[in-house]
Each structure stands twice: as C-alpha cells, then as structure tokens.
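Undergrad: sharing a model prediction with you, sequence too.
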Protein chains: 2
Amino acid sequence: MGTSLNRVEEEDYSSYTNSSDFISISLEDNNNTTTTATSTSKSSSELHPVCLPPRVTTWQKLNHRLREIFFPDDPLHIFKDQSWRRKLVLAFQYVFPILRWAPHYSLLLFRSDLIAGLTIASLAIPQGISYAKLANLQPIIGLYSSFVPPIVYSVLGSSRHIGIGPVSVASLVMGTMLDGEVSHSNKKDLYLELAFTSTLFAGLFQASLGIFRLGFIIDFLSKATLIGFMAGAAVIVSLQQLKGLLGITHFTSDMELIPVLESVFNSIKEWKWETIVMGFCFLIFLLVARFISTRKPRLFWVSAAAPLTSVILSSLLIFLLKSKLKHVSIIGHLPKGVNPTSENKLYFHGPHLQLAIKTGIITGILSLTEGIAVGRTFASLHNYQVDGNKEMIAIGFMNIVGWSFSRSAVNYNAGAKTIFSNIVMAATVLVTLLFLMPLFHYTPDFVLAAIIITAVVGLVDYKAALRLWKLDKLDFVACCCSFFGVLFISVQIGLAIAVGVSVFKIILHVTRPNTVVLGNIPGTQIFRSLSHYENTTRVPSFLILNIESPIFFANSLYLQERISRWVRGEENRIRENNESALKCVILDMTAVTAIDTSGIDAISELKKNMDKRSLQLVLVNLVGTVMEKLHQSKTLDSFRSKGLYLTVGEAVDDLSSSWKH
Amino acid sequence: MGTSLNRVEEEDYSSYTNSSDFISISLEDNNNTTTTATSTSKSSSELHPVCLPPRVTTWQKLNHRLREIFFPDDPLHIFKDQSWRRKLVLAFQYVFPILRWAPHYSLLLFRSDLIAGLTIASLAIPQGISYAKLANLQPIIGLYSSFVPPIVYSVLGSSRHIGIGPVSVASLVMGTMLDGEVSHSNKKDLYLELAFTSTLFAGLFQASLGIFRLGFIIDFLSKATLIGFMAGAAVIVSLQQLKGLLGITHFTSDMELIPVLESVFNSIKEWKWETIVMGFCFLIFLLVARFISTRKPRLFWVSAAAPLTSVILSSLLIFLLKSKLKHVSIIGHLPKGVNPTSENKLYFHGPHLQLAIKTGIITGILSLTEGIAVGRTFASLHNYQVDGNKEMIAIGFMNIVGWSFSRSAVNYNAGAKTIFSNIVMAATVLVTLLFLMPLFHYTPDFVLAAIIITAVVGLVDYKAALRLWKLDKLDFVACCCSFFGVLFISVQIGLAIAVGVSVFKIILHVTRPNTVVLGNIPGTQIFRSLSHYENTTRVPSFLILNIESPIFFANSLYLQERISRWVRGEENRIRENNESALKCVILDMTAVTAIDTSGIDAISELKKNMDKRSLQLVLVNLVGTVMEKLHQSKTLDSFRSKGLYLTVGEAVDDLSSSWKH
C-alpha cells in the first residue's frame, strides 16, 4: 500500500448521526464500538446510528476477493478438524473420486453399468471409425482412442454420466485446421505426428486451466446457450450421417448447414435405394425403441439393446444377401491388435509447432466446453455437483494420455449409473480390438449412421427452448444465436456469439438499471414500489427512489439523468395536482452493492444538482463498501447533516418532524 | 407472442399469503385490486400480503426497455405542452444549439472568446501543418481543415469548450493505414483521394451512430480509462515534438514509445545545439506562463498571449539572425488562398474502396472517443451536460464537410467560454490563409513543438490517478492499462484493453457477488449486516442472508454453492456453541433486481436442497420482475406456504410464533 492510502487510514472512522444538535463527529476507537452506539443513541432516542463498517486493510480485501474468485466452494473444508489418517484418505478420495463411490458399488449398479458399457462399446467402434475419418486419420486410431482414455477418466473424473470418446466437432476442427497446412494424403507421417501433438497440447491446456482454478470461465456457458449449441451440433452431426444413410460416396467434410445440404443434393445421382430403404427402416426401429424407453423408464433395456441388435441384424442381412447388395457400403477389413504408444510420434520442433499448439488450444476449448457442459447438464438432472476445475484436470490428463472426447448423450440414454460403464466399455473395445474385429466386416455404414442419429436426437430439446421463450426473451435470443451460429457459420463462432449475447445481457442490465418510486404501506414503516404494490401511497413532499443496480461508469451518467428526470416529473405532477411542494429526494441504496470512481462522482454531482434546486438529498442504507468509498472520497461529508439514515422510515419521520419545528 | 405465453396470461395473478389457515389463493380481478388487499388483510392481521405486480404485456415491456436504452434523457420533454410556435423555436434550438446561447451572448463572453479564438488560431496553423505531415499530406490541407469544420461545429455542437481541428492520433493512424497500401510519394493524387474519402466515411459513420442514438456506447469509456488514455497520448505527442525541439530531420512516424525514443537517440548526430537551446528556452517560457495562469486564474491572459508572443519573437529572431542560424528548420514557403471543394476528389469505386471505409471507421471511432470524452471532461468541470448522440451527429457532419478533429485542451486552457471561439478561430485562419501566410515563413519548428507540448502537458493528470488508486484499485488498473497500452502497443489496442478491463470488472462483480449475513438491531424490525453494524445480533434458529446481486447464469452456480457453504458454516457454529438448531434460511432478495432462467433453476435447486436438509427456505421482498418470472416458471408454488414475506421482520415474527404453537 502506498502513502496515499495511509493518509486515509489515519482518519477516524466516524459514525454519522443526523440529530441537528449533534453534528460533530463522535470520535470512535475502532476496537471499542459500543461507546459510539450508546453515545449516538443517547443523542437521538428513535434514530439508529449510521456507521462505517470495521476497517479492513487492502491486503485483507484482496485476499477475501481472490478466495471468492478461485475457491468459492472452499474445496478443502472436508479436511478441517480431521485426524491425519482420515485426512490422507480424504485427500486420495479428492484426487481420485473413484475411491469415493467404489466401496459402495452394488450389483444393481453393476447391471446398469454393464449394459451401458456394452451399449457404448457397440457405438464406440463405429463412431471411433467415422470420427477418425473426419479428422483424416486411419480408422484404427479412432478405435484406439476409445480404449485408454475412458479408464483415465473413470479414475479421475467426477461426473457420473460423462461418456468418453472422440467427439465429432473437435475431430472435424482438428482435421480442417491441420489439413489446411499439411496434406494428410501426401505427408501421412507428419500429419499423424501433428495430430498426436495437438492432442497433447489440448490436454496440457485443459489440465492447466483446472490446476490454476480458472474453471469459472465455463460458467459463462449458460444453460440457454448450451441448449442452442447442443441442438445445432445435433442437427449438423445428423445431417452428416445422411452420407451413410443415403449411400453417398463423395461427401463434404464441412461442418456448416449449407455445404452439407449442397453436398447431399448435388450427389443425388449417388443415392442408392437399397441403402435408403434399409437405413430408414433401422432408423425408425431405433427411434421407436428410444421413444418407448423415454415414455416408460422401466423398459430402458429396449433402447439399450436396440443398437447392438441393429448392428447384428444388419450385418447378418448384408452377409446373407452379399451377392445382391453389392452397392451397400460396409466397414470392410479392420486389422486386429492394440496400438503402440504415440510417444515417439510427437512433434516438438520445426515449422509446424505453432499450428499444433493453436489446433491444440482450439480443440481443447471445444472438447472442454462440450464435455463439462454435458456433464453438468446430467448432473443437474440428477442433483449432484460437478467440480469444474477438477473436471478440467481429468479431461486434460485423458487427452495427455490419448486422443479422446465425450460421448455422454449415448451413455446417459443407455442408463449409465457410474463411470464404471466407461471401464466396461474400454474392456469391450479391448476384447473387440484383440479378437472380434473380423465380425464387423459386413456391418453396413447406414446402421452406424442410424445409431448416431438416434443418439444425438435427444439433444434437440425444443421444450427447454420454449420454456426460455416463455420466461426470458433474451435467454431465448442467446439460445437462437448459438443454434443458428453453429448451423450457418461455425461451431466456434456460434459459441462465441452466444457467450457475447449472454455477456451483453449482463452489461445491458448494468448500463440501464431500473429506478423505482417507492410508496408507504399506510400504518407501517414499510416502503415498497408504487407500481408493484397497489396498497402503497406517496409520502407528501418526498420523492423516494430505489436504485436497482451498483453504480458504475457504464450507468453513472444514465442514473444522474434519470434521477433528474424523476425529480422533474414529480415536480410537474405536484404542480398539476396542487399538492405540497417537493422538499426531499430519498435514494434507497440497498441494491447499490458496489460503486466505482465514476459512481462516486455521480453521487456528488447529484448532491450539487439537488442543492441548486434547494432539495434535500438523502441516502438510505448504504452498503459497507459503498459507504467506505464515499467516506474516503469525502463525498459523505456533505451528507453529514440529515443526509444519512438507516431506513427510509426513519428518514421520513425525522425529516418531516424537523420541518414542523 | 406465441401460444406458450398466452397460457401464462390466462392464469390468474394471485396474491401469495402466508397465514396457515389461508393457503388457498385469493382470485383477483386485475382491475379491482382493492378487494384483495382487504381480503388478505382480514385473514392475517399483522402480515402484509405479498402480491404479483400488475400484468404488463411483452410488448409494453419491450417498449419501456427500448425507451430506456435509446431515449433515457427523454430528449423531447421540452416540447411537451407547448404552443406550436414555441415548439418550432425549441426544435430549431435543439438542432442548432447556437440559437440557445447566441441571444444571451455578452461583451464579456466575447472578450474571452476573442482571446481564445486568436490563441487557437495561432496554434491551428502550426498544428494543422504538423498533423498534415503526420498523415503524409501537403501542409496546406491541414491548414484548410482548421477553417470550415469549426464553423459547422459552432452551429451544431453542444459542448462549449471543444476545440476543432485535426488531431494527432487520428492523423497518424490514417497516414499509417493508407500509406501501407498506396504510397503517398508515388501515387500522390490517389492518396489524396483516399484521404478525403476516408474522412467522409468517418463522418458518415459518426453521424449515423448519433442518428441511431447509439451514443451510449461511449459510456463504456470510463473516466478512469480516459485519464490513462489522455496521459498516454500526451506523452506520445510530446515525444513526437522532440523532432522539432532537437532539430532532428529524419524521424519515425510510429506512435509507440519505443520506436519514438529509438528514433530520438539514433539520430543523436542530427541534434542541433542552437535549436535545442532556443527550443527549451521557449518551452520553459511557455510552461512558466501556463503555471502562472493555473495558480492565479486572474492572470489567464499570460498563458493566452504566450504562444503568439513566442511565435512572433522566435520568427523575428530567426529573421534577424538568418545568416548565422542556417541549420534551424523553419516552416518555409506557404502558398496563399482558400481550398477548392474536395467533391471531385472522392473515390467511390475501384480496389481501394474497402481500405478507405476501414480507415474511415477506425479514425472515426478514434476521433469520436477523443472528441466526446474531452468535451465531457470539460462539461463535468463546468457542470453542464453533453448530449452524446447530438455530439456525434455534429462531429460527423463536421467530418463530412471537411477533414477535422479536436484541439480542446488548448481551447480550454486559453479560456474559451462558448464555441464562438471556434468562429473567431476560423475567421483568423481565413484571414491568415488569404493575406498573412508569408509572415510565417521564418517561424521555426521548435517554437511550434514547444507550443504543442505546453498544450498537451495539462492532460497528464497524476492527481486524478492517485485518487483512483486511493478509492478503487481496479479503476486504477484500468487507467494504467490504457496508459501503458497507448504508450507501448498502440492507441487502438490501449483503448480496447482499458474498455476490456472496465467490462471485466462489471462481469467480475456479477460473477462473484457478495452474500452477507444479517442480524437484528435489538428492539426493532431492522436487519442489517452483522459484520458492518456491531449493534446487531443473530436471531436464534434463523440464518438471514442478503444476496447482493441479480442472479444470472454467470453466478447461479456460485450462489448455490455459497449459500450451501453459509448453511454448513452456520450449522458448525451452532454445534460448537450449543445453540438452538437451525430451522430456517431467509434470503433477502431486495438487491436481486433481475433473474434469468439459470437463476430460476438455481432458486428451485436451492429449495430442493434445503427441503432435503429439512430447513425452511424463505424469500423476502422479491422485486416485481423477479417475482413474475418465478411465478411463471411455477417455482413460486413451492414457496406458497410460509415461504414468501414482505420484510425480514415479518418473516421472523410469523415463523417463530408458528413454531411455538
């Protein structure tokens, strides 16, 4: 702290009293405040003294502020007052949430998880393959990514429903960004190296966000934004699946609505009726199964078993009719075996490092927003908390270990109870990689497309969007922005616009705050909004205004003008109705929870302005920090005589009785 | 409005009462509210009913909101209840503020304005020439720009101190941007066309901002930011003047601190001692004159006359010693005459149109922020209001007519009283252009540099910066950001960073709001912060929290966690002190002035959470809009029985008496 502050601290923290015969300040020892309370209550029997809050140093303030920003959940409170042994156990449980639920794991949970794990596994294989294609990588790499990372997340993660695997959006962005600089067909090895390196950087970025407790940045993804984003992403991913469903061979890898639709209708000659008929049959089968399960939760196994059934049925069909259905595209040959570590395939030097870092950060943010947002959506459906910062560390480590993203919607729909389902899934993928790959040779692409569409269709939550429209128009606008942004521009821009709209909404509320005229409920000391409570009445000669926002630079001029306008309006009203003249303007400052230097200037400007009109300006119920700042800037000095009160009622009583004398 | 809303509107707006024998809702005719007031007051003698605000349609809400955003100052109120003739006069006065003050113009004001006008004129010529050089234009064009635009502003503008002329920052940016694409030395005519076109676009952009009443965007330039910006710009402009003061011939046109200093010290061989000695003598003379005038306002004429005196003295000196002082750089030959209109020099087609538009918008924003901010600073020094939107239109028209910016600091320091000083200045410049140009032939560059430094040195307001540090650390950070941003990065980036910090501050306040525990002042119904007022006491079995912010997506999770933590802390405290168990959590919602869908969800989550802990959750003093949204989302239904009160006191009384029975 500089010398300028010491000067302030040396001033006495005084209590402001309003009785006219007691204007001098009662000097107050900060550690002995009871004396002030008595001295002031002596001087005026009915008034309660307005005093400054206890002194707090800048360092204490900063400390408190930083704690609230970075540790609002007080993550270490479980360790308080515990034995050393217990502390150790708790610390392990904190770092590895698996230790918390593993001991209570039951057979019933196991059954759900087993089914969920198997279901996701039956999805992980086709999805892994198709997403790898989107990122211009060999199918087998997509499959590997469904094996190790889920185990890492199971041990470290705190969301119970998150399903881990490569996600379409991040895969697409990575593919587009890397392919722009390094061709995947000409420089195969370099491309692969860059893909692994980007993933490592994505993981490092995510983990460091979590470690430095910057998880609160994801609070800026409001539910409204996410509803739009998920719906948009679901529509895009579904449209991408038209490739498999219509049997098209040449298809765009773009993510926007228009190129995808163009690609669908330009290749109308490639459409194959056999694929279309069978594809839509399986799609309808899957959607019906899903519909049954959502209507009757007891029949959850119907939708859980449907994907695997479809895969088996369709593979059999193609195998049996292979001579007649030559045109139907199938997965084809898949090699067996487990992947070697990608350690020696990292790229840490040379001209493309910057590209790898940039791609890493962008895909890192994308998969993080999606992963955590999805986890949080399901968490709020089931009333448990997701620790954003820990979640980021878990996802980050997952990406450091292997290349991977989320597939939560499927997991949730498949009835997952704990993340043990991820372990089941990983084990199944491992078994598949080792032994069962040839069985999928005849699985047709259209059934994979149908499964993906069924999985993402639940993300289009039109009911939630309708609720937004009903409750908050601006939230609905934010939702629409992210939806159309994702559809027509790009995923990143869509999200950026939506966050922008949400932040703009906060700013707008602060820039143009409400000011409300208060009236008295007759026979009481209660003052409430005249327009809200119709049993309130105006107090003659008083204009009582409630300022409904902190006073910042962005609204200080507006509030000055608006208050002047209220006074002008009230004087006109009084003139028209021939009522007694306006003598006093009371500002109820309860909701003014903060003030900056522009706000302080606005208050003193207003005071001068009211003095010129010979009106008394009174501030009521100043919040601690606001009072402190007004005191430090000497603004409060001009309010010392009958300018500060604890309640509106006391202000009205005291001032009107003083006018009578 | 969609069908979803109609459903809500058909529901009855009910009043929520809390007496246990009167849980059913009193159906209320919206036009006849007195019945409700009586029916509820009958049922519970001491409690005051909590009711919904009168119904307002979405259209009315939108209308109100848009009015507050775009017409907060109610600009047409002066026309209300006036005769047609008077209305016409007022309309003219509104469009041309000159009509407002011209009739009251006095000889005394004229004297000040004459001196101010002459002083600025003596500055306008050297400044016009040097700024034109910065923008790579012929000196004569800079001089023309000091002639027409001030007259336009005098008629349309509302600031009384703003001085109009080309401003260094905008000139520099324009020069750098245009020269990057079209070389000013090779393609002289094209460059000139582009410069005129950019200025036209700057004017159109500024005027349209004003016409569409988007002036409120300049509210985001807080005083704190401006203090830093002005100081930074003053330092840069002063350092640029070292060229003239040290007699350097090869100098950078960059605007950042480091290239300017490099340029100064790299050309150390070019320094000329005669120039340095004379330059610093005149600089000291001017600074002393300025110092005398600021100390003793009566001696304002000392600083007003000093620049002209310096110019005359130095020109005479150089003229007399011209054989000995050959190395001193002088203005040299200036052609006489008035400029032709630039109409046929506009560039509306071809490959560089985009460049012209971009340059126009950027210089438009720059000159606008500076112009209006300066006007506003002087307005608040003299307690009059500047209408941001009208100001923008005036500055815009000014730029459409000619190429021009502001020189307010000089104008203010020279003692300008009304913008008539601009007319005097323009007239003087006209006379100079027509007849007196040859007289300035021998005026040395160093005296011009000294005059500019003296003019901008007053913009470095270190006292204001110290005050910021004392009152608001974050404001001080914003100030430093804009100062160092301007110095080390660039003017645009510096301003952007400063606005970013200011907005971040608002967001931070909303993201991490305060929650305060309230206590009762014994013997009253008043509840105030326990940590602020030391004469308050806790109410046994109650935890009373004041939420000091609207509940938005950005803080809904934080608030949920924080309130849970308060409850946990309170329960621990009670256990340690063996007090009576916690039964009820009261949230004082006075400062919760808005809520969005995430906030609504947070409230119902919190209610469920408290129900699980078998604690009663009570909301007190809901603001109209918040209450409406909670009602529409059915959240309020779960609070119907003893969950809503008008004041904390009533809640405590009613609940504790109901527990006794």
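TA: Now that the structure is in, tell me what you want to look at.
Undergrad: looking at residue A:652 now. What's its pLDDT?
TA: If you check residue A:652, the pLDDT there is 91.
Undergrad: buried ones in the strand or helix carrying it?
TA: Residue A:652 belongs to helix A:648-660 when elements are defined using DSSP states H and E. Across helix A:648-660, burial judged by 16 or more other Cβ atoms under 10 Å in any protein chain shown covers A:648-652, A:654-655. Every C-beta, even on glycine, is put in place using the N, C-alpha and C of the backbone.
Undergrad: show me how far that helix is from its chain's centre.
TA: The chain centre lies 48 Å from the centre of helix A:648-660; the measure is Cα atoms, centre = their mean, to the nearest Å.
Undergrad: counting contacts, what elements does that helix pack onto?
TA: Judged by 3 or more Cβ pairs under 8 Å, 6 or more residues apart in numbering or on different chains; DSSP states H and E, helix A:648-660 is in contact with strand A:542-547, strand A:584-588, strand A:616-620.
Undergrad: check whether residue A:306 really touches residue A:291, as I assumed.
TA: No - contact criterion Cβ atoms under 8 Å: residue A:306 and residue A:291 do not qualify, at 10.8 Å.
Undergrad: higher neighbour count, the two?
TA: Neighbour count, other Cβ atoms under 10 Å in any protein chain shown: between residue A:306 and residue A:291, residue A:306 has more, with 24 against 12.
Undergrad: what sits closest to the more buried one if chain neighbours are left out?
TA: residue A:289 (3.8 Å; Cβ to Cβ, 6 or more residues apart in numbering or on different chains).
Undergrad: including mean pLDDT, distance to residue B:523 and mean neighbour count, could the helices and strands packed on helix A:648-660 go into CSV?
TA: Conversion of the helices and strands packed on helix A:648-660 to CSV gives the following (pLDDT from 0 to 100; distance: least, Cβ to Cβ, whole Å; neighbours: other Cβ atoms under 10 Å in any protein chain shown):
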stretch, mean pLDDT, distance to residue B:523, mean neighbour count
strand A:542-547, 93, 25, 22
strand A:584-588, 93, 23, 22
strand A:616-620, 92, 20, 23
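Undergrad: residue A:485: neighbouring residues, count only.
TA: 24.
Undergrad: give me the pLDDT value at it.
TA: Confidence score, pLDDT, at residue A:485: 88.
Undergrad: that one contacts residue A:232, doesn't it?
TA: Yes - Residue A:485 is in contact with residue A:232 according to Cβ under 8 Å; the separation is 7.3 Å.
Undergrad: list residues touching both of these two?
TA: residue A:494 (Cβ atoms under 8 Å, 6 or more residues apart in numbering or on different chains).
Undergrad: show me the domain layout of chain A.
TA: A:59-95, A:99-506, A:513-660 (automatic domain parsing).
Undergrad: on that earlier part again, in a markdown table, list the helices and strands packed on helix A:648-660 along with distance to chain B.
TA: Below are the helices and strands packed on helix A:648-660 laid out as a markdown table (distance: least, Cβ to the nearest Cβ, whole Å):
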| stretch | distance to chain B |
| --- | --- |
| strand A:542-547 | 9 |
| strand A:584-588 | 9 |
| strand A:616-620 | 12 |
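Undergrad: and these as TSV, adding distance to residue B:81?
TA: As requested, the helices and strands packed on helix A:648-660 are exported to TSV (distance: least, Cβ to Cβ, whole Å):
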stretch	distance to residue B:81
strand A:542-547	21
strand A:584-588	24
strand A:616-620	28
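Undergrad: surely residue A:113 forms part of a helix?
TA: Yes - assigned with DSSP: H, G, I helix; E, B strand; the rest coil, residue A:113 falls within a helix.
Undergrad: residues from the stretch 551-661 of chain A in reach of chain B?
TA: A:552-555, A:557-558, A:561-562, A:565, A:568, A:590-591, A:593-594, A:596-598, A:600-601, A:605, A:608, A:621, A:623-624, A:629, A:632-633, A:646-647 (Cβ under 8 Å from any Cβ of the partner chain).
Undergrad: list buried residues within those.
TA: Buried among these by 16+ other Cβ under 10 Å: A:552-555, A:557-558, A:561-562, A:590-591, A:593-594, A:596-598, A:600-601, A:605, A:621, A:623-624, A:629, A:632-633, A:646-647.
Undergrad: tell me which residue of the stretch 551-661 of chain A lies closest to chain B.
TA: Relative to chain B, the nearest point of the stretch 551-661 of chain A is residue A:553 (3.1 Å; Cβ to the nearest Cβ).
Undergrad: contacting residues for that residue?
TA: Taking Cβ under 8 Å, 6+ apart, one finds A:596-599, B:219-225, B:502 in contact with residue A:553.
Undergrad: let me know the secondary structure of residue A:516.
TA: Applying three-state DSSP: residue A:516 is strand.
Undergrad: look at it and report its pLDDT.
TA: You'll see residue A:516 listed with a pLDDT of 89.
Undergrad: next one: the one 3 residues further on
TA: At residue A:519, the model reports a pLDDT of 92.
Undergrad: phi first, then psi, for it.
TA: phi -130, psi 170 (degrees, to the nearest 10).
Undergrad: give the contact list for the nearest residue in space to it that is not next to it in sequence.
TA: Excluding its sequence neighbours, the residue lying closest to residue A:519 (Cβ to Cβ, 6+ apart) is residue A:536, at 3.3 Å. Contact analysis of residue A:536 by Cβ under 8 Å, 6+ apart lists A:518-521, A:527-530.
Undergrad: please repeat the previous calculation with a cut-off of 10 Å.
TA: Counting by Cβ atoms under 10 Å, 6 or more residues apart in numbering or on different chains, residue A:536 touches A:517-522, A:524, A:526-530.
Undergrad: which stretch of helix or strand covers residue A:318?
TA: Short version, using DSSP H and E: residue A:318 is in helix A:300-320.
Undergrad: need the buried ones from the contacts of residue A:536 selected in PyMOL.
TA: Selection of buried members from these for PyMOL, criterion 16+ other Cβ under 10 Å:
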select buried, chain A and resi 517+518+519+520+521+524+526+527+528+529+530
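Undergrad: kindly indicate which of the contacts of residue A:536 lies nearest residue B:261.
TA: Comparing these against residue B:261 with Cβ to Cβ places residue A:517 closest, at 57.6 Å.
Undergrad: can you list the low-confidence ranges for the stretch 551-661 of chain A?
TA: A:661 (pLDDT under 70).
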